[in-house]
Every structure is written in structure tokens, then in C-alpha cells.
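[1] fold the following and give me the result.
(one chain, ligands or ions: 1)
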Amino acid sequence: MKFKKTLAFAQQLDKEDKLAHLRNQFHIPKDKDGNDWLYFTGNSLGLQPKATKEYINQELKDWANLGVEGHFEAKNPWLNYHEFLTDKMAKIVGAKPIEVVVMNTLTTNLHLLMVSFYRPTKTKYKIVIESDAFPSDRYAVQSQLKFHGFSEDDIIEWKPRKGEELLYIEDLEEIVATQGDEIALLLIGGVNYYTGQFLDIKKIAAIGHSKNCIVGIDLAHGAGNIQPNLHDSNVDFAAWCTYKYLNSGPGSLAGLFVHEKHSKNKELPRFAGWWNHNKATRFNMRQPFDVMEGAEGWQLSNPPILSMAAIKASLDLFDEVGFENLREKSEKLTGYFEFLINEINSDDIKIITPKNPKERGCQLSIQVKNADKSLHKKLTENNIITDWREPDVIRCAPVPMYNSFEDIYTMISILKGLL
Ligand SMILES: *Cc1c(COP(=O)(O)O)cnc(C)c1O
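    Now for the predicted structure:
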């Protein structure tokens, strides 16, 4: 598509945008004079859908009126509340319902998954991560290694080449080809939080499996942003949070995926609680443990309904809109953003995110010359909310649910002035 750098053109794109009405269904934070912020941090904390309050109020009301009976009598009975989320969440990550459950938080889920899928032996025990893995993922992996009597040095890093920012799949191939016999697990961010690079998950799975390594994917920056097609990708497991692109509120629960090929394997070692025990006999006390099939078989506790209500509100909206429609708009929004940044033509900034729309989601990571953090501060003073990541990157995510082409145009006009 041919873009133009005029306000009228941006407004025309908004007029033609079939999803433009969605912005109205979100609370857009404002400055003290009542002007909307230009919010580009849906990759960090997604905005609140206006409907969320009603969903949570419904549960508060049922709790007030029904007490414990709400488990069965609430409008949305709490006992199996997580099941209301499963089908819609499965669609968002391209999975079958049996492969998905919403539970716990992201890092907790990564640990529970590694309990089952990181099964090191004396000779095959190393773990591959990206050199720029999100800190929580790195700490989780380090602690798993130590827990099994290995050391932090047993991490193998998949690194960008010298002087570059992005990862090459060929370099992962090389790591696995040469060291695969020692590698037990690949745990990779599907969309890198720093560069915004969307990696080829299917290829990563094939590379790992070629040397009998287990492959897990962190989709914190993927879920609700790109379509990972988890089932077809054949990865063994995945986990993601819901407070970034999935707009489900600060610290909200996470998703977990275990591929169908593992769903009936009751021999997989795992931690247990009453919630991964057979639903039919869960409340018959004094039962031997009988694990459930599928992703539900990794649950431990009965779920926090208030947080799930916020997830339900968000997933209902995603389902109504259709993820493919969001993705279509997203490619256009980010393409326009990229076009306008390139038009500024300044040596002080450089986009490090891949140029190919198939290798990125909505986020563009802008590297700032000399790591000049004052640029980020000035943007914030101008009501432009972006995210500074050490050492030298401003991350900006125009989100198709609530960002407009005019947001982008205005942001760039201000950025240009600041440069
Ligand atoms: C946001 C994010 C996390 C956060 O983990 P929590 O357990 O939800 O606090 C972890 N990993 C990645 C890759 C993330 O982007």
C-alpha cells in the first residue's frame, strides 16, 4: 500500500478502518487537561475494555448474593469457570481446546511446564535461550538448572551476529547440529520482547526435535499480537500472560499450552493439586490421584474468578472482532508507523525490528543514538506513552484494538520536532 505523510491521509485511513469503532470500547487514559494520551504500550499493559467492569461486577454480585452457592448457581458458575475461556483462548493461539488452559501467572507456568518437560540426564541437560531472553525467563531457566544440580553455565545462548540485533534461524540450526546431543530443552520467546522479532516457531520446533530436544515457547509478546499456530507448529509446550496484548488487567492470569501429542500421557511427571484431578471425582475425598487429560492436567488450584472475569471480557471482544481482522489492521498500522519513521530520516534513530511484516507483530523497537534516554522522557512529557528498555531502545506498539492512524501521525509529528 502507498502511504502519504499528511494528517488528511491518516484520517482517511481511520475513516476506512472497519475496526475504528473499537477504540470507543476502551478506557483511554488522559492527561490532567483531559487530552487522550497517545498510548503505545499495549505490549506492556493493555488498556481496559469498558465491558470489563460489568463482567467483574457480575461475579461480585453473585458472590454477595450467593456466597458459596455461586460455585453452582452464579450466572457463570465458578466451579468450571476456566472452561468459559478455553475455546476462545485456543483460537487466539491456534490450538485445540484440549491443548489450552488459563491458570496461574506466566513464570509460574513456565516452571510447572519445565517440571514435566525439562527432564535432564547426565549427558543431555543443557537449555537454549535467546541471548536477549526476558529476564524472568532467564532466571527461571537458571534456577531449573541449579535445581537439577547443574549450573548457569549450562545455558546456551542463541545470539545475534556481531554488530547486529536480530536472530538467524541458521544459527540455531548450527547450535543444535553441533551440540544437540547435550541439549535437553529449547525455551525461546516467540516474539522477542526487545527487538519485536517474530521467530519461525514451526522451524524452531523442527530443529529442536531433530535432536530429540523438547521445545517450549514463551508467547508473552505473541498472544493477541501475532498468530503462532501452536498446534501446527508442533512445539511441545508454550505459556503467555494476558495483561499485555490480551488486555486482561495488571498481573492477570496466564495461558498454558501442551501439545495434543502429550495430552494423554499420564506418566509425564508433574506437580499435582485437586484441580488437575479428574473432575468427576474431585470432591469425593480419600481418592487416589487421577490426573486429567490435556492442558487442564497441569492445574493445581481452584481459579481466581475476578481475574478470570477480566479475561472473559477481553476474549469475548477478541472473538467478536476476529483475530484475522485485527492482524490485517495491525500490519497496516505498523506499516504506516514504519513509513513515517523512515520519512523523518534522522541519524539519531533506527528501527531494529524486522522489515518483513511476517517477521514482526505490531511493535517497532527504535534504537536511539548514544542511548539518549532524554528522548523517551520528552515523549512522555508530550503525552506519548512508550517504553524505554536498556540499553538503548524505545519500544512502541500501535495496537489494532484501540490505536488509530491519527495517533501514529501525531506521535511522529511530535517525535520529529523533538529530534
Ligand atoms: C512480560 C513477560 C514476562 C512476565 O512474567 P510474569 O510471570 O507474568 O511476571 C515473562 N516473560 C516474558 C517473555 C515477558 O514478556
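[2] need the three-state assignment for the residue lying closest to residue 257 once chain neighbours are set aside.
    Leaving aside its chain neighbours, residue 257 sits nearest to residue 238 (4.1 Å; criterion: CB to CB, 6 or more residues apart in numbering). C-beta here means a position set from N, CA and C on the backbone, and glycine is covered the same way. Classification of residue 238 using DSSP: H, G, I helix; E, B strand; the rest coil returns strand.
[3] burial count for residue 238?
    Number of residues near residue 238 (other CB atoms under 10 Å) recorded here: 31.
[4] repeat that for residue 8.
    Neighbour number of residue 8 under other CB under 10 Å is 8.
[5] from here on, call the first residue 644.
    In the new numbering, first residue 644, that becomes residue 651.
[6] now the end-to-end length of stretch 991-1005.
    Stretch 991-1005 stretches 22 Å from its first residue to its last (CA to CA, to the nearest Å).
[7] go on, stretch 1004-1012?
    Start-to-end, stretch 1004-1012 (CA to CA) is 24 Å.
[8] check which residues of that stretch are buried.
    1004-1011 (16 or more other CB atoms under 10 Å).
[9] report the contact partners of residue 979.
    For residue 979, the contacting residues are 646, 653, 656, 1048, 1051, by CB atoms under 8 Å, 6 or more residues apart in numbering.
[10] how far does the helix ranked longest in the chain sit from its chain's centre?
    Longest helix of the chain, by residue count under DSSP state H: helix 966-987. Put simply, helix 966-987 sits 19 Å off its chain's centre (CA atoms, centre = their mean, to the nearest Å).
[11] which strands or helices does the next helix or strand after that helix pack on?
    Sequence order places strand 992-994 as the next helix or strand after helix 966-987, per DSSP states H and E. Where contact means 3 or more CB pairs under 8 Å, 6 or more residues apart in numbering; DSSP states H and E, strand 992-994 is packed against helix 966-987, strand 1007-1011.
[12] how about the first one: buried residues?
    In other words, helix 966-987. Those would be 966, 969-970, 972-977, 979-984, for helix 966-987 by 16+ other CB under 10 Å.
[13] next, the angle from it to strand 1007-1011.
    20 degrees (axes from the mean of the first three to the mean of the last three CA atoms, to 10 degrees).
[14] get me the contact residues on the stretch 694-843 of the chain for the ligand.
    By CB under 6 Å from any ligand atom, the residues of the stretch 694-843 of the chain that approach the ligand are 748-750, 777, 779-780, 832, 836.
[15] picking that back up, nearest to the ligand, out of the helices and strands packed on strand 992-994?
    For the helices and strands packed on strand 992-994, proximity to the ligand was assessed by CB to the nearest ligand atom; strand 1007-1011 is nearest, at 13.3 Å.
[16] tell me where the stretch 694-843 of the chain has strands.
    743-746, 769-773, 798-801, 826-832 (DSSP state E, counting those that start in this stretch).
[17] check contacts around the residue in the stretch 844-993 of the chain positioned nearest to the ligand.
    Ranking the residues of the stretch 844-993 of the chain by distance to the ligand (CB to the nearest ligand atom) places residue 863 first, at 3.1 Å. Going by CB under 8 Å, 6+ apart, residue 863 touches 749, 777, 832, 836, 883-884, 887.
[18] quick check, central residue of the chain?
    Central residue of the chain (CA atoms, centre = their mean): residue 863, 2.3 Å from the mean position.
[19] for that one, grab phi and psi.
    Taking degrees, to the nearest 10, you get phi -50, psi -40 for the backbone angles of residue 863.
[20] wait, the residue nearest to residue 900 touches residue 872, no?
    No: if you go by CB atoms under 8 Å, residue 881 and residue 872 don't touch, sitting 11.1 Å apart.
[21] residues touching residue 811, list them.
    For residue 811, the contacting residues are 803-804, by CB under 8 Å, 6+ apart.
[22] where does the residue lying farthest from the centre of the chain fall, phi/psi-wise?
    The C-alpha centroid of the chain is most remote from residue 929, which lies 39.1 Å away (CA atoms, centre = their mean). Residue 929 adopts backbone torsions of phi 60, psi 40, taken as degrees, to the nearest 10.
[23] next one: it from residue 914, what distance?
    Between residue 929 and residue 914 the computed distance is 21 Å (CB to CB, to the nearest Å).
[24] kindly report the same for residue 654.
    Residue 654 is 54 Å from residue 914, by CB to CB.
[25] so what's the residue count around the residue nearest to residue 913 when sequence neighbours are not counted?
    Once flanking residues are discounted, residue 913 sits nearest to residue 759: 4.7 Å by CB to CB, 6+ apart. Applying the criterion other CB under 10 Å, we find 19 residues in the vicinity of residue 759.
[26] enumerate every residue touching residue 759.
    Per CB under 8 Å, 6+ apart, neighbours of residue 759: 880, 901, 911-913, 941.
[27] which of those residues has the most neighbours?
    residue 901 leads the contacts of residue 759 on contacts (other CB under 10 Å) with 30 neighbours.
[28] thinking it is in contact with residue 879, fair?
    Yes: with contacts counted by CB under 8 Å, residue 901 reaches residue 879, the gap being 7.4 Å.
[29] quick check: neighbours shared by these two?
    By CB under 8 Å, 6+ apart, no residue touches both residue 901 and residue 879.
[30] before we move on, back to that, reformat the contacts of residue 759 as a markdown table; add distance to the ligand and pLDDT.
    A markdown table is the format used below for the contacts of residue 759 (distance: CB to the nearest ligand atom, whole Å; pLDDT from 0 to 100):
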| residue | distance to the ligand | pLDDT |
| --- | --- | --- |
| 880 | 14 | 98 |
| 901 | 18 | 98 |
| 911 | 22 | 96 |
| 912 | 22 | 96 |
| 913 | 19 | 96 |
| 941 | 15 | 98 |
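[31] out of those, name the ones that lie in strands.
    880, 901 (DSSP state E).
[32] from the contacts of residue 759, pick the one nearest residue 678.
    residue 880 (44.1 Å; CB to CB).
[33] who's in contact with that closest one?
    Residue 880 touches 756, 759-760, 857, 859-860, 899-902, 905, counting by CB under 8 Å, 6+ apart.
[34] mind listing which of those residues are in helices?
    Reading helices off the contacts of residue 880 with DSSP H, I get 756, 759-760.
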